[in-house]
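1. One predicted model, sequence on top.
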Amino acid sequence: MSSNKKNPSAWRGRNNFWKKSRGGWQGQQKTSTGTVTGTATGLSNIVSPVVSPLPVPIGQYEGWKLYFYDESFKKDSPTDTRVKACLDFIVRHSHLYNVTEIEVRRCYLVDVHVLSNDQIFINNMWKTFIQDLSNDPQHTINCLGLAMHHFIISEWKKELEISSMELRVIRARVYNFEPILQLRNFKTQHHGKLVAVRGTIIRVSNAKLLCSYLAFSCASCQSEQTIRQSEGKHTTPTSCINTNCKSRTFTPLRDSASTHSMQWQTVRLQEILADNQGEGGRVPRTVECELTEDLVESCVPGDIVTITGIVKKAEDSSLLRKNSAGANMCTLFIDTVSIVNNKNNSISGKGSAGHLGIEFKTQDYYAIQDIQAEPNLFKLLVNSLSPSIFGHEMVKAGLLLALFGGCQSSNASRGDIHVLVVGDPGLGKSQMLHACCAVAPRGVYVCGNTSTTSGLTVTLSREGGGDFVLEAG
């Protein structure tokens, strides 16, 4: 178990694309989900240095300050009541949680459907849970994290017969949040709210380590203090902790045990255009999403995912110019809470048990046996590909062989099968390609309006700060 006492909070940084100051946030600071809430006061954000506190017991919760940094504990307060409601739910459903795995990964999954269908939780404990999760997501997710934090400590105390123990932040990964928001409806009124969006990952940046707490050494007396790096900005002390020292020069100690960092990454999500949306001739919309800790490296370009996260704003560095109106411009991005891969039904945050998987019923197994016993299996598979289109068996057979064929390339020639379909309009070429895309493990349908300069594969492009990112074609 971790004995580190100086990791009271998660953090969120930014890459070179979102440099300099963030949109001015004041209020509750970074918490276990890497999110921020508060009141927007402008684009300039003045961060005062804050010395990191020790996670000492407050009230009946040992990890209170890890989740509610700026809020003092008050018995029977709204926050206390909500944490008790979450703790009651966890205790009643303790069989769903592996305490050891949650402690190691420092996160656990929260199914919104399960919570909303629990009559005791919704009717008696927290009646406004869904509204609070949508409108005040940071506070709600922090309550879920603190409840699990307290539950794990209580379980270990009983098992090990100890009086106290230390535990790092536990992040609640909320998923199955509805409704799914279309990117065309992604507007400024969603700022600060929890949303769920679905699309294709088209760009992934390099994973980085940014400091959430940074230790500094006084240049005069060598006294060491730890400063919280709010919003990922480099923040230095204003004065020495030694009252007899008047020095204002400090040296960062990045290798100190008091310095804490987190993994951080950005991805770009592109909407999926359906044929019935009437927007076939338009360039698809995109949105930037930030990933932290266990969510980093959880998706690659080409994955179709559902991202649940909190909408925030950031200054657009490309518009920042001296004495320019662009200094007042900002962009919206999503601080990710959870990622569900729609291709293989897997969700990040649960390790080897993270597969939601496809649940087969008894009749499904019987159907598989019937298919296996079919004397002309190839004919059955050909007719099963896009059955709404009559005929064109040769075209379907070629597409089917392309799906299941191919070999590992051992020479200069490409081992994958390529199919060229040529025909008059209205014969169903696009529909058959859509059917192949739906069957392929990582298939992406590309047409004229969605093609990019990357071609049909992938390209390595450079961002403004010099970092290379993978961009899907």
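-> Happy to help now that I have it.

2. Would you map the helices across this structure?
-> 64-67, 78-92, 99-105, 112-117, 119, 129-135, 137-160, 362-372, 377-384, 393-404, 429-439 (DSSP state H).

3. of all these, which gets the most neighbours per residue?
-> helix 64-67 (a mean of 25; mean count of other Cβ atoms under 10 Å). Backbone N, C-alpha and C define where each C-beta goes, glycine included.

4. What mean pLDDT does it get?
-> Per-residue pLDDT over helix 64-67 has a mean of 84.

5. Likewise for stretch 131-147?
-> Per-residue scores along stretch 131-147 average to 93.

6. out of the helices of the chain, which comes closest to N341?
-> helix 429-439 (14.9 Å; Cβ to Cβ).

7. My guess is F177 contacts A196. True?
-> Yes. Shown here, F177 and A196 form a contact pair, counting by Cβ atoms under 8 Å, at 4.7 Å.

8. Pull the number of nearby residues for C289.
-> Burial of C289 is recorded as 23 neighbouring residues (other Cβ atoms under 10 Å).

9. Chain neighbours aside, what residue packs nearest to it?
-> Counting by Cβ to Cβ, 6 or more residues apart in numbering, C289 lies nearest to I334, which is 4.5 Å off, once chain neighbours are set aside.

10. any idea how far the one you found lies from T308?
-> 9 Å (Cβ to Cβ, to the nearest Å).

11. Need the residues touching each of those two.
-> The contact sets of I334 and T308 overlap at V195 (Cβ atoms under 8 Å, 6 or more residues apart in numbering).

12. Quick check, pLDDT for G42.
-> So G42 comes in at 32 (pLDDT).

13. before we move on, the earlier item: so what sits against both of F177 and A196?
-> Common neighbours of F177 and A196 (criterion: Cβ under 8 Å, 6+ apart): T308.

14. lowest confidence element among the helices and strands of the chain?
-> Scoring the helices and strands of the chain by mean pLDDT, DSSP states H and E places strand 39-42 at the bottom, with a mean of 32.

15. and the residue nearest to C289, what does it touch?
-> Here I334 is in contact with 195, 197, 269, 287-290, 307, 309-312 (criterion: Cβ under 8 Å, 6+ apart).

16. Next: F390.
-> Counting by Cβ under 8 Å, 6+ apart, F390 makes contact with nothing.

17. For the remainder of this discussion, apply numbering that starts at 318.
-> Sure thing, new numbering starts at 318, so read that last one as F707.

18. Tell me the bridge partners for the residue most central in space within the chain.
-> The centroid of the chain falls nearest to T653 when counting by Cα atoms, centre = their mean (3.1 Å). Taking DSSP bridges as the rule, T653 bridges to G626.

19. Surely it is in contact with D611?
-> No. T653 lies out of contact with D611 (Cβ under 8 Å); the separation is 10.8 Å.

20. ok so, going back, switch the helices of the chain over to a markdown table; also include distance to L570.
-> Formatted as a markdown table, the helices of the chain follow (distance: least, Cβ to Cβ, whole Å):
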| stretch | distance to L570 |
| --- | --- |
| helix 381-384 | 23 |
| helix 395-409 | 34 |
| helix 416-422 | 28 |
| helix 429-434 | 42 |
| helix 436 | 53 |
| helix 446-452 | 39 |
| helix 454-477 | 28 |
| helix 679-689 | 59 |
| helix 694-701 | 63 |
| helix 710-721 | 56 |
| helix 746-756 | 52 |
